[in-house]
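>>> Build me a model from this:
(one chain, ligands or ions: 2)
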Amino acid sequence: MRQLSLPLKDSPYTIYIGSSLLAEQVLLTSYCEGEKVLIVSNDIVAPLYYDKLVSSLTNKKIHSVIIKDGEVNKSRTSFFQIIDYLVENNFRRNDTLIALGGGVIGDLSGFAAASYQRGMNFLQVPTSLLAQVDSSVGGKTAINHVMGKNLIGAFYQPVAVIIDTNSLETLPDREYFSGLGEIVKYALLGENKIHELLSNNIQKILDRDEAILQQLIYLSCQKKASIVAKDEKEKGERALLNLGHTFAHALETLTRYRHYLHGEAVSVGILMALSLSYRKHLIDQQVIDDYTRLFEQLNLPTKIDVKVDIEEFLLAMTKDKKNQSDSYRVILVSQQGCIIQEETDKALLASVIKEYIS
Ligand code: NAD
Ligand code: GLY
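Numbering: from 1, shown residues only. Ligands and ions are numbered 1, 2, ... in the order given. Here you go, the predicted structure:
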């Protein structure tokens, strides 16, 4: 088992990464304060891992709320389903809520944990690759509003993140590849070891080799933790984690979250960010070629393969909630590292979008 710490001033915690951690009774129970535990999961993940988790929680009264699968359920209905359950069953602040699932369950239950009695004990047990390398770490929790994704939320840190890499065995291929998209992002954020591991082990990665995956997950969490430790509430540097995301969010919005999985949209978005960086003479064409090839090898899209209108795309980019004005916040890649930029050259962005429409 590998361990990493996220040294936040008020709420430091440990990220554990290893195989069969769902069977680690002492570890899991040690993070369950109070006498009751509420496990929040969904109808895909619960049949696979709920019993395993329950049998590792000794001397606790176990409760569950099982949500229907899907992003559409990161909703106020599910949120109040959890809150109502906590109220009706007299949960206390020091009782524990465990998120068992992907990013949807993590974000939803994290927000419920943040809200119930102003914050209850919260443990993340992420089961998708995307959740293991990104969403379970760093304390961003949210539900969606009909007007936009993640519009209602809070920064609320878990007491620990426990990543059982065995759970990846049951993840559908497309979801697995989507998670790889976020791992590539960390390579561009300066984790050269990730780039090396990805480039030299394509077949093993496609075969879900556990040893390689554990290294990739460790390095990804380490990179994310190092950025979050410096800027927990995204006042500055944490925005770097949104590399490719302004383009990706626009793509997801225009396709109503039905065509691309998040990591797939991020893959195309990263290439668009690279193209913008190249046009500003910050990187060579070779970098774009290398990453295009890498995404292709990882079964991730490298072009926009649906009909999109460039003006609508630009509009969706300004509606990105991370933008503070009418400019477009993008992350550029340079040989010296990544840069946060408020881009005002609409024509330049339009030509990048055009380049990526296949
Ligand atoms: P998800 O939670 O919908 O999981 C993807 C699919 O895989 C679902 O069908 C899920 O049921 C299934 N699944 C999960 N684990 C499984 C397993 N071990 N075996 C079989 N099936 C499994 O989506 P996701 O990609 O994990 O996360 C996306 C969500 O995360 C979005 O809502 C996004 O906004 C959010 N997110 C949050 C942050 C953050 O910092 N909080 C960062 C990135 C993304
Ligand atoms: N996924 C971006 C962040 O956590 O800040």
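
>>> since we're on the residue lying closest to Ala350 once chain neighbours are set aside, how many residues are nearby?
Distances taken as C-beta to C-beta, 6 or more residues apart in numbering place Ile310 nearest to Ala350, at 5.2 Å, with adjacent residues excluded. Yep, even glycine has a C-beta here, placed from its N, CA and C like the rest. Residues lying near Ile310 (other C-beta atoms under 10 Å) number 15.

>>> With the one 5 residues further on instead?
By the criterion of other C-beta under 10 Å, Leu315 has 13 neighbours.

>>> can you count the residues close to the closest residue to ligand 2 within the stretch 1-150 of the chain?
Closest residue of the stretch 1-150 of the chain to ligand 2, C-beta to the nearest ligand atom: Gly138 (4.4 Å). If you count neighbours by other C-beta under 10 Å, Gly138 ends up with 23.

>>> now the one 3 residues further on
Counted with other C-beta under 10 Å, residues neighbouring Thr141 total 27.

>>> cool, and Val266?
With other C-beta under 10 Å as criterion, Val266 counts 30.

>>> likewise the one 10 residues further on?
Applying other C-beta under 10 Å, we find 25 residues neighbouring Leu276.

>>> Compute the distance between the residue nearest to Ser167 when sequence neighbours are not counted and ligand 1, please.
Residue nearest to Ser167 in three dimensions, not counting chain neighbours: Thr127, with 4.2 Å by C-beta to C-beta, 6+ apart. Between Thr127 and ligand 1 the distance, using C-beta to the nearest ligand atom, to the nearest Å, works out to 4 Å.

>>> can you check Pro47 too?
10 Å.

>>> Just give me the neighbour total for that residue.
11.

>>> near ligand 2, which residues of this structure?
Contacts of the chain with ligand 2, taken as C-beta under 6 Å from any ligand atom, map to 134, 138, 140, 238, 241-242.

>>> Filter those residues down to the ones in strands?
Taking DSSP state E as the definition of strands, those contribute Lys140.

>>> where do the helices sit along the stretch 201-350 of the chain?
202-206, 210-230, 245-254, 262-279, 285-297, 310-318, 346-356 (DSSP state H, counting those that start in this stretch).

>>> Which one of those helices lies nearest to ligand 1?
Short answer: helix 262-279, nearest of these by C-beta to the nearest ligand atom, at 5.2 Å.

>>> what angle separates the closest one from helix 285-297?
170 degrees (axes from the mean of the first three to the mean of the last three C-alpha atoms, to 10 degrees).

>>> on that earlier part again, between the residues of the chain next to ligand 2, identify the one with the most neighbours.
Ranked by neighbour count (other C-beta under 10 Å), the residues of the chain next to ligand 2 have Asp134 at the top, with 27 neighbours.

>>> surely that one meets Leu180?
No. Contact between Asp134 and Leu180 fails when scored by C-beta atoms under 8 Å: they sit 11.4 Å apart.

>>> What residues does Asn94 make contact with?
Asn94 sits next to 33-34, 120-121 when contact means C-beta atoms under 8 Å, 6 or more residues apart in numbering.

>>> what do you get for Ala142?
74, 107, 110-111, 149-154.

>>> where does it land in three-state SS?
Three-state assignment for Ala142 (DSSP: H, G, I helix; E, B strand; the rest coil): strand.

>>> Offset the numbering so it begins at 40, please.
Will do, 40 is the new start, and the previous item becomes Ala181.

>>> tell me the pLDDT at it?
For Ala181, the pLDDT comes out at 97.

>>> gap between it and His288?
Per C-beta to C-beta, to the nearest Å, Ala181 is found 13 Å from His288.

>>> Alright, calling it a day.
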